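**Q** Sharing a sequence plus its predicted fold:
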Amino acid sequence: MPIGEFGGAPPLAAEGSPVLTTPMYWMYEMAQASLNPARAVTDATKLLFQNPLNPWARTEVGKSVAAACELFERTTRRYGKPEWGLNDTEVNGIRVPVEIRSVWEKPFCRLLYFDRKFARPLRSPQPRVLIVAPMSGHYATLLRGTVEAFLPAHDVYITDWADARMVPLSDGRFDLDDYIDYIIEMLHVLGGNTHVMAVCQPSVPVVAAVSIMEARRDPFVPISMTLMGGPIDTRRNPTGVNNLAQERGIDWFRNHVITKVPFPHPGMMRDVYPGFLQLNGFISMNLDRHMNAHKQLFANLVKGDGDLVDKHRDFYDEYLAVMDLPAEYYLQTVDTVFVKHSLPKGEMTHRGTRVDPSKITRVALMTVEGENDDISGLGQTEATHALCSSIPDHRRVHYVQKGVGHYGVFNGSRFKSEIVPRIHDFMLSAANPNSLQALAAE
């Protein structure tokens with residue numbers, strides 16, 4: 001049976017798993033539809049108890065009823081794709097409007113460009129950065145803070161992966177090999193002189209793509225490659241996520257989490273790993289924390305603490321917005337990265353050709369890890385340096401950020417104040433071996 005690197009993505013017909021699991025998706029859709037009348041009544045009740053003309057609105061009981069209605073609405077809502085909300089940035093002390101537009105598109109991905117509209121050209125060009133967002137359940141907008149932090153001093157592009165339930169079956173399948181092809185094609189579209197940065201899951205396909213380009217002596221290889229909290233070698237300090245994949249094996253995932261998209265979505269009958277199952281996994285990992293956060297939301301709504309309420313809404317509007325993943329991509333990634341550890345073992349292939357990171361010679365390498373990362377354990381990303389053995393020592397940098405977990409590797413205050421400046425200096429120095437040597441010594 002061809003699995004993962006041995007002949008492409010795993011077949012989905014084995015043991016009839018989509019037939020067995022498809023009712024899950026249909027039942028989920030019916031549950032969402034059945035809640036619509038209750039949601040309508042709840043919305044009306046909330047408006048009634050927030051109406052300033054209603055004397056109950058200013059009482060503890062009235063505020064509690066309105067808060068309970070909002071909690072019900074938020075916990076039963078299906079969250080859509082969030083907006084970027086990045087309308088401007090500050091460059092050299094001047095506010096500059098930002099236009100977000102697509103510069104390349106295929107069925108499963110768009111390449112977005114954050115075009116800063118300068119009144120006059122910059123005196124010197126800033127580093128061009130391709131941020132490869134994870135295709136692991138959340139939308140690329142999860143990296144809003146990442147993009148925002150890089151915009152003042154970089155020309156930013158990002159991969160905007162599509163929700164598989166919105167891609168018609170006629171557009172074909174999408175697996176890890178296609179993902180790698182997409183990255184190579186995007187680097188070609190950008191035409192060289194580009195830095196690539198992978199956040200978490202894309203680290204493996206980015207290393208594979210750059211390895212393939214180097215083996216072909218491709219003129220459009222990136223200047224540098226920055227990997228952040230990526231599962232390059234999950235045998236090092238394995239986390240709960242890593243252990244689950246190892247214990248279950250690829251057949252368990254194929255038989256238990258793959259289903260078909262139901263009517264009326266455009267991707268009807270496409271095999272996917274559905275977003276609602278992923279969300280269940282995300283929440284169950286830290287169930288107590290999420291329950292306490294919603295209890296606190298209720299208390300803050302009753303107190304009228306607008307700042308804390310808005311902070312909760314902003315976080316969960318993003319966190320609860322999930323998308324379906326193509327089954328071929330999901331299974332091949334689990335099998336290649338988490339079950340067989342194909343890249344660190346030297347066994348990973350792309351369309352029949354072995355992926356050899358030792359071929360990388362022209363691309364500078366930086367790896368970033370979080371001290372408290374519970375998704376990609378310490379050392380998993382650093383393992384890239386041993387694989388990329390042909391990169392000179394003075395063209396490689398490894399950095400561990402103290403006091404942050406997985407999310408803090410690419411977002412938050414420490415990311416902005418401590419990680420971003422280091423990545424910026426690394427990119428600026430990538431073409432200067434002497435500068436990189438000094439940076440690596442820090």
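**A** On my side now, so go ahead.
**Q** Next, the closest residue to residue 141 other than its chain neighbours: phi, psi?
**A** Spatially, and ignoring its direct neighbours in sequence, residue 141 is nearest to residue 82 (4.5 Å; C-beta to C-beta, 6 or more residues apart in numbering). Placement of C-beta: from N, CA and C, glycine included. Residue 82 has phi and psi values of phi -70, psi 160 when expressed as degrees, to the nearest 10.
**Q** Run a quick neighbour tally on residue 75.
**A** Using other C-beta atoms under 10 Å, residue 75 has 10 neighbouring residues.
**Q** my guess is residue 272 is in a helix, correct?
**A** No. Remark: residue 272 does not belong to a helix; assigned using DSSP: H, G, I helix; E, B strand; the rest coil, it is strand.
**Q** any idea of the pLDDT on it?
**A** At residue 272, the predicted lDDT confidence score is 94.
**Q** The residue nearest to residue 141: what's it in contact with?
**A** Under the criterion of C-beta atoms under 8 Å, 6 or more residues apart in numbering, the contact list for residue 82 reads 139, 141, 144, 317, 318, 321.
**Q** care to break the protein down by domain?
**A** 20-76, 89-433 (the TED database).
**Q** Pick out the shakiest of these, pLDDT-wise.
**A** Mean pLDDT is lowest for domain 20-76 out of those, coming in at a mean of 88.
**Q** Of the domains of the chain, flag the one that's most buried.
**A** Sort the domains of the chain by mean neighbour count, taking mean count of other C-beta atoms under 10 Å, and domain 89-433 sits at the top with a mean of 19.
**Q** how far out from the middle of the chain is it?
**A** Between the mean C-alpha point of domain 89-433 and the mean C-alpha point of its chain there is a distance of 5 Å (C-alpha atoms, centre = their mean, to the nearest Å).
**Q** Now do the same for residue 89: helix, strand or coil?
**A** Secondary structure, three-state DSSP: residue 89 is strand.
**Q** which residues does it contact?
**A** Residues touching residue 89, when contacts are defined by C-beta under 8 Å, 6+ apart, comprise 95, 96, 98, 116, 148, 151, 152.
**Q** taking those one by one, which sit in helices?
**A** Under the assignment DSSP state H, these contribute residue 148 to helices.
**Q** Save the contacts of residue 89 as TSV, and put in distance to residue 220 too.
**A** Putting the contacts of residue 89 into TSV (distance: C-beta to C-beta, whole Å) gives the following:
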residue	distance to residue 220
95	33
96	28
98	26
116	23
148	27
151	24
152	26
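**Q** Show me which of the contacts of residue 89 is closest to residue 23.
**A** Proximity of the contacts of residue 89 to residue 23, judged by C-beta to C-beta, is greatest for residue 148, which lies at 41.6 Å.
**Q** Leaving out sequence neighbours, find the closest residue to that closest one.
**A** Nearest-residue entry for residue 148: residue 86, 6.0 Å, with adjacent residues in sequence omitted and distances by C-beta to C-beta, 6+ apart.
**Q** gap between the closest residue to residue 223 other than its chain neighbours and residue 221?
**A** On the basis of C-beta to C-beta, 6+ apart, the spatially nearest residue to residue 223 that is not a chain neighbour turns out to be residue 430, at 4.8 Å. Computed with C-beta to C-beta, to the nearest Å, the distance linking residue 430 and residue 221 is 12 Å.
**Q** so the residue nearest to residue 148 touches residue 116, yeah?
**A** No. The criterion here is C-beta atoms under 8 Å, and residue 86 misses it with residue 116 at 10.3 Å.
**Q** what touches both of those two?
**A** In contact with both residue 86 and residue 116: 98, 151, using C-beta under 8 Å, 6+ apart.
**Q** Who's the closest spatial neighbour of the residue nearest to the spatial centre of the chain, skipping the chain neighbours?
**A** Using C-alpha atoms, centre = their mean, the residue of the chain that lies closest to the mean C-alpha position is residue 134, 2.8 Å off. What sits nearest to residue 134 in space, not counting adjacent residues and going by C-beta to C-beta, 6+ apart, is residue 201, at 4.1 Å.
**Q** who touches that neighbour in this structure?
**A** Taking C-beta under 8 Å, 6+ apart, we find residue 201 in contact with 134, 135, 136, 230, 231, 333.
**Q** please redo it, this time with the cut-off set to 7 Å
**A** With contacts defined as C-beta atoms under 7 Å, 6 or more residues apart in numbering, the neighbours of residue 201 are 134, 135, 136, 231.
**Q** for it, helix, strand, or coil?
**A** Using three-state DSSP, the secondary structure recorded for residue 201 is coil.
**Q** Relative to residue 184, how far out is it?
**A** The spacing between residue 201 and residue 184, counted by C-beta to C-beta, is 17 Å.
**Q** now swap in residue 46 and tell me
**A** As for residue 46, its distance to residue 184 is 50 Å (criterion: C-beta to C-beta).
**Q** just residue 109 next, same as before
**A** Using C-beta to C-beta, we find residue 109 at a distance of 13 Å from residue 184.
**Q** Residue 123 now?
**A** The span separating residue 123 from residue 184 equals 33 Å under the rule C-beta to C-beta.
**Q** And residue 222, by the same measure?
**A** Spatial separation of residue 222 from residue 184 under the definition C-beta to C-beta is 11 Å.
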